[in-house]
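Trainee: structure, please.
(2 chains)
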Amino acid sequence: MTSPVIIYTSSFSSPSDLLIFKNSVLFHGRAVDDRGVSATSFECSDIALRMLVEYDYDQMTVKVGVDEVSADMAADLIGPYVRGRNVVLESTTLGFAELFLVIRSLVDLGVMSFLILYVEPDKYSRSKPGSDSFAISELNAGYKPIPRSVVDLSGDDVEAGVFFLGYEPERLERAFEEYQMISSKDIKVVFGIPAFHPGWELNSIVPHLAGLEKCNIQYCSANDPSSAYDALEVTRVSLGAENKMFIAPIGTKPCGIAAALFASVHSSQVGLLYDHRKKREKRSSGVNVWHRYSIKIIIQ
Amino acid sequence: MTTTDNNILAKTRAEEHEADVWGEFFTPPYFDRLALSTATKSTYIVGKRGCGKTMLLKYLDYHTAFSEKRSEIPKTETRHIGIYWRVDTQFCNSLNHRGISEHDWISTFESYFSLAIAVEIIRSLKEIAKSAFQQFTPTDLENLQFESVVDFHPDYPKDPIKLESFLESKRRAFASWISNVTSVERPLLPPGKIFLESLIHDIQKTDGIKDAAFFVYVDEIENLVSYQRKVLNSFLKHSQRPLIVSFTSKELSDETATTGTESINATHDFRLLVLDELSDDNQRKTFFAEVFLANLDLANNNNNSELLNDIRDQKNVAKRFSEAHKNKISAAIKLRFPSKTYKDIAKNAISEPGILNILKERIAKALALHKTKLTVEDFLDPRRATEALVIVPALINRPRHNPEEILGYLDNYAQSSENIVDGKDWIHNNLVGGLLELYRPYGRICPIYSGYDTFFTMSNNNLRHFLILCYKALEIADLSDESISEISVETQARASYEAADQLIREIKTFGTHGERLRMFVLRLGSVFRTLQSTPAMSEPEQNQFTINSGNRVLNEHEIYFLSEAKKYGIITEQLETKTKGQVGSDIVDYQLNPIYSPYFQISYRRKRKISLSVEDFHTLALGTEDEYKELSLKLFKQQDRQKVQTELWQ
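Mentor: This is a model prediction of the structure:
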C-alpha cells in the first residue's frame, strides 16, 4: 500500500542554501537556544510572514500571533495565513503540540504540500560538565491532551503504543507510573539510531535500559521522519479491526514530525500522548545541520 | 535462583502485577480495620507512594476476588464486588473547556463514568460466572437479561455479552467525539447513576447474586479536574448498597463540593482511612519483613510455605500479632540482614589501615591547633575503646576542651565506661557522625546503613523502599558470589547507596516539579553533608530543617513546592511543640527522607535540624545554582561562626 505521506529530505550546512518557495508563511515557536535563534531569524526574502504559534495545554487553546482560539478550531485561525501562500513549519522551535495542531489544520484546510525545517545543534547542555544527564527541560507539566488527537488509554480498543525516546528517561518512566493501564498494551519503544552524531545514541539508550523490560525495542534514524513514519506504519497495520494505537513522541523532533503527520492522516486510529515540558533556556549550543523536509500528503 | 525467580523479586510496584493478584497479595496488619466488605457507606483511602495502596485495590478488585486461582469462593463474596477504576487523567482532562460549557461537561462526564463502570459491572459478572463461585454459573449469565436497559434506549441489548459489546462501541464513539468535539457528532450516551442502579437491579433478580453490591474504587481522584471531582463527590455522597463509590488518593482531595449545593465530609459521607495510621510501627515493621520473606519463598518456588499461607489469608491477621510470630519473623530477617553495633563498626573501622590513617591524620591536624605536647600516639593507646577514638578528632577541634582533658576522659572511659561530659553522653552524641566522617574521604560506604532495623528506619514507612533495599542487597551479594542467606554489612551498605541513588533519580518523575524536587533533594543533602563535615562536628547528624525566620512569609509557589515535596514523600513533616517561657510555639520540622541518606553519607536517624529563613528555603527549592552556592557557603560559615562564638576559640 502506498503511504499517504511522502517526505523528501535534504540537508544543508547553511540556511542560505535552503530552497524556500516564494511568498511563504513561516510558523515558528519561541527560540531558546542558538539554533532556535538562527532558525527563526535566518534571512530569506521568500518568507513573506513569520507567525509565532503557541499552545496552552491548560486551556487547550492555540495562539497564532495575537489571536487565540480553542485548539479544536485551530484551522480557523491558521486558514487566513496560509491562503494563497506557501507554508513552512520551523519545527526546531515549534513545540510538538503546536507542530501537530498546525499540520492537522493544514490537512483540514486541504494544504497537502508544505515544508518543515529542522536545525540540529552542535551539542546539548548537560546538567553539569561531564555529567551523564542532560539539562534540556525545565518544568514538565505531565501528559496532557491535545485536541484532535485525544486517546482514552483505559479503553480496550487502544491496543498498542509507540514511544519515541530521547535523552530524558523520566518521561517514559512517568508515563508508566501515571498511566498504569499502558502496561497491558503492546508497547514499542523506538530509539533514534543512527543518532545526530555517532555516539549520541548511547545518551538515549543507556539511561532507559532499566525500564524497558516489557517493551519491544526498535530503531529509526534520529533525523529522518520517513524512517520514523515507517516504524509507526508497522504498528498500525498490525492493529486489530477497529482498534487504535497511541504515539508518545518524547524523542527527537524529526520523530515528532513523523508522529504529527501520522496522527493527522490516521486520525481515527491514532491518538497522541504527550508531556508538555518547558524547554530550558540554552538547552543546546551551536548550530549544525539544517534539514529541509518537503511534505506531500495524498489522501484519497 | 533462576531468572524467573529473580523476576518475582524485581517487582516492587503493584502495577507490575497483573489485575489478578490472588496469592501475591499479603494481608496487611490493618486489613480487618478496613472492614470494606461490610461497608454501608463510602470509604476514602489515603496512602502515600509505596504504602501498598494499589496492591490493596487490586486485591479488592473483582479480578482477584473471583480469581480462577481460587478453589473455593464463599457465597458472601458477591456482597462486595470491587471495581478498581484507574482513571486516564489525560483523557479526562480533555473533557474540559474547548468551547463547551461546564454544565454540559458535567453531564458528559457522568455519562462517561456510567459507561465505563457499566462495562466493568458486566465484565465482573463474566469473571464471577467463570470462577469457583457456585451461586452464579455460566448458565446463569446466559439467562440473565437486563430488562431495564430498553427504558433508556430501545437499541440497548438485554443480553449481557451483547450489551457489553454495545457499550464498548458507545465508548469508542465517545472517545472519537472527545478527540474531535467540533467535527464529530456527539453520541447518545446512557445517563449516569440511574443507569448503573438499573443494571444492578436487574442483576439482583438472579437468585444466587440477589445481594450483589458493587464497590467502585476511583484511584488518583486528586488528578481529575475540579468539576469531575464534584461529580464523583455527588456519587460518593449518595452512595449506598448496592452501589458504593469510594475514593483513593495520595492525599485527601481539597475539593469537597458536589454538583449540587451540598458538600462532602468525613463524618457523614465517608470513612476516612489513612493507611499509614492504621498500624503502629511494630506491626508495620513485622509486616515489611513478612512481605520480603514471603516473596523470597515465592522466588524459591516454596509456594506453600507456612509464612505464605499465614500472610495470604485474611483470617490469620490476629495470629500474626502474637509475640511468638513476631519474634520468629524478626529472627529470620535479622539472620539475613545482620547488623553490627556502632561500637563494633568503630572497632572494625580502626582495624583497617586506610581508615586508621585518616583518623591519625585528623587527630594530628586537630592537635596542631593547641599548645600541647601530646602526640597522636598518646591517643592511640590500644587500651582505649575504639568508639571513643573515633570521636577524638571532633572533640579536639572544639576549643572548650584541651587535648589533655580529652585524654583524661578517654582514660576514665577505658577504666569505668564513664562517658558523660558536661552532662552529655559524648559517645552517643558523636559516634555516628564520627564514623560517617571516617568513611567519607575515599567515597567508601559507611557500614552504619545496614541491618534490618536500619533498613526499616530508612524506608520511612514505605514498603516499596524497604523491598528495594532488601532486593538490592540480595542482588549485589548474588553478583559478588557472597552468601545470600547472611548478607554482609558491607554489601548491605553498598545496596543502601545504590537504592538511594536509584530513588533520587526517580524523583524526576514526581509530577510537574519533578526535576526541581530532585535538585532540592541534592541541594539539601549536600548542605547537610557539608555541615556535618565541619571539623568540630559541633552539630552532628543534621538532617532536618525548619523555616523559622525571614523578612516575609512563604509565598504561594513555595507553599506549593513544600506540599509537592510532602506529597511525594521527599520530606516528612513533624510538628514539634516547644515552649519557651510562658509562650508555647508550634514548630514544623521537615526531615529529608532517610532513604536518601546513604547517597550523601549523612545520618538516617532523626536527630538535629538546621534553621532556614524563608529566603534560604526559596534558594534551596527554586533558586539558581549561583544562589545555592552562596547559601551553602553562608550556612557553612554560620555553623563555623557559631562554634567560634559559643566556644570562644582563639
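
Trainee: what's the neighbour count on B:Asn180?
Mentor: 17 (other CB atoms under 10 Å in any protein chain shown). No exception for glycine: its C-beta is placed from N, CA and C like everyone else's.

Trainee: how about the nearest residue to it, chain neighbours excluded?
Mentor: A:Arg148 (6.0 Å; CB to CB, 6 or more residues apart in numbering or on different chains).

Trainee: near chain A, which residues of the stretch 401-550 of chain B are found?
Mentor: B:505-506, B:508-509, B:511-516 (CB under 8 Å from any CB of the partner chain).

Trainee: so of those residues, which ones are in helices?
Mentor: B:505-506, B:514-516 (DSSP state H).

Trainee: take these and write them to CSV, including pLDDT.
Mentor: Below are those laid out as CSV (pLDDT from 0 to 100):
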residue, pLDDT
B:Arg505, 91
B:Glu506, 92
B:Gly514, 91
B:Glu515, 88
B:Arg516, 92
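
Trainee: which among those end up buried?
Mentor: Neighbour-count burial (16 or more other CB atoms under 10 Å in any protein chain shown) is assigned, among those, to B:505-506, B:514-516.

Trainee: so what are the sheet partners of the stretch of helix or strand A:Ala248 belongs to and their directions?
Mentor: Using DSSP states H and E, A:Ala248 falls within strand A:244-250. The strands beside strand A:244-250 in its sheet (DSSP bridges) come out as strand A:158-165 (parallel), strand A:270-272 (parallel).

Trainee: beyond it, next helix or strand please.
Mentor: Criterion used, DSSP H and E; the element after strand A:244-250 is helix A:253-265.

Trainee: what mean pLDDT does that next one have?
Mentor: What helix A:253-265 shows for mean pLDDT is 97.

Trainee: does chain B have contacts with that helix?
Mentor: No: using CB under 8 Å from any CB, we find that helix A:253-265 stays clear of chain B, coming within 10.0 Å at best.

Trainee: what's the neighbour count on the residue lying closest to B:Leu188 once chain neighbours are set aside?
Mentor: Of all residues beyond its chain neighbours, the one nearest B:Leu188 is B:His153 (6.9 Å), with distances taken as CB to CB, 6+ apart. Using other CB under 10 Å, B:His153 is surrounded by 12 other residues.

Trainee: confirm B:His153 sits in a strand?
Mentor: No: going by DSSP: H, G, I helix; E, B strand; the rest coil, the assignment for B:His153 is coil, not a strand.

Trainee: show the pLDDT at residue 1.
Mentor: This is for chain A. 53.

Trainee: hmm, I had chain B in mind actually
Mentor: On the pLDDT scale, B:Met1 gets 44.

Trainee: from the chain's centre, how far out does the strand holding A:Ala248 sit?
Mentor: 11 Å (CA atoms, centre = their mean, to the nearest Å).

Trainee: hmm, who's touching it?
Mentor: A:96, A:151, A:153, A:155, A:157-166, A:168, A:171-172, A:175, A:232, A:235-236, A:239, A:255-256, A:258-260, A:262-263, A:268-275 (CB atoms under 8 Å, 6 or more residues apart in numbering or on different chains).

Trainee: quick check: the gap between B:Ser234 and chain A.
Mentor: 21 Å (CB to the nearest CB, to the nearest Å).

Trainee: list the contacts of B:Asp501.
Mentor: Counting by CB under 8 Å, 6+ apart, B:Asp501 has contacts B:Tyr599.

Trainee: how about the residues of the stretch 551-650 of chain B by chain A?
Mentor: Checking the stretch 551-650 of chain B against chain A by CB under 8 Å from any CB, there are no hits.

Trainee: report how many residues lie close to whichever residue of the stretch 551-650 of chain B sits closest to chain A.
Mentor: Distance from chain A to each residue of the stretch 551-650 of chain B (CB to the nearest CB) is smallest for B:Glu625, at 9.0 Å. Around B:Glu625 there are 10 other residues, counting by other CB under 10 Å.

Trainee: that's a strand at the residue nearest to B:Asn180, yeah?
Mentor: No: per three-state DSSP, A:Arg148 lies outside any strand segment and is coil.

Trainee: helix, strand or coil for A:Ala231?
Mentor: Taking three-state DSSP, the label given to A:Ala231 is helix.

Trainee: what number of residues lie near it?
Mentor: 21.

Trainee: for stretch B:22-41, what is the average pLDDT?
Mentor: Rounded mean pLDDT across stretch B:22-41 is 91.

Trainee: hang on, the earlier thing: what pLDDT does the residue of the stretch 551-650 of chain B closest to chain A get?
Mentor: 84.

Trainee: what of A:Val150?
Mentor: 98.

Trainee: now do the SS call for A:Asp72.
Mentor: helix.

Trainee: residue contacts, it?
Mentor: With CB under 8 Å, 6+ apart, A:Asp72 has these contacts: A:60, A:147-148, B:98-99, B:180-183.

Trainee: need the contact list for the closest residue to B:Lys130 other than its chain neighbours.
Mentor: Distances taken as CB to CB, 6+ apart place B:Glu68 nearest to B:Lys130, at 6.5 Å, with adjacent residues excluded. By CB under 8 Å, 6+ apart, B:Glu68 lies in contact with B:20, B:130-132.

Trainee: about what we covered before: from the contacts of A:Asp72, which has minimum pLDDT?
Mentor: B:Ser183 (91).

Trainee: hmm, back to that, could I get the strands paired with strand A:244-250 as TSV with mean pLDDT?
Mentor: Formatted as TSV, the strands paired with strand A:244-250 follow (pLDDT from 0 to 100):
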stretch	mean pLDDT
strand A:158-165	97
strand A:270-272	98
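
Trainee: now do the buried residues in stretch B:239-253.
Mentor: B:239, B:241-250, B:253.
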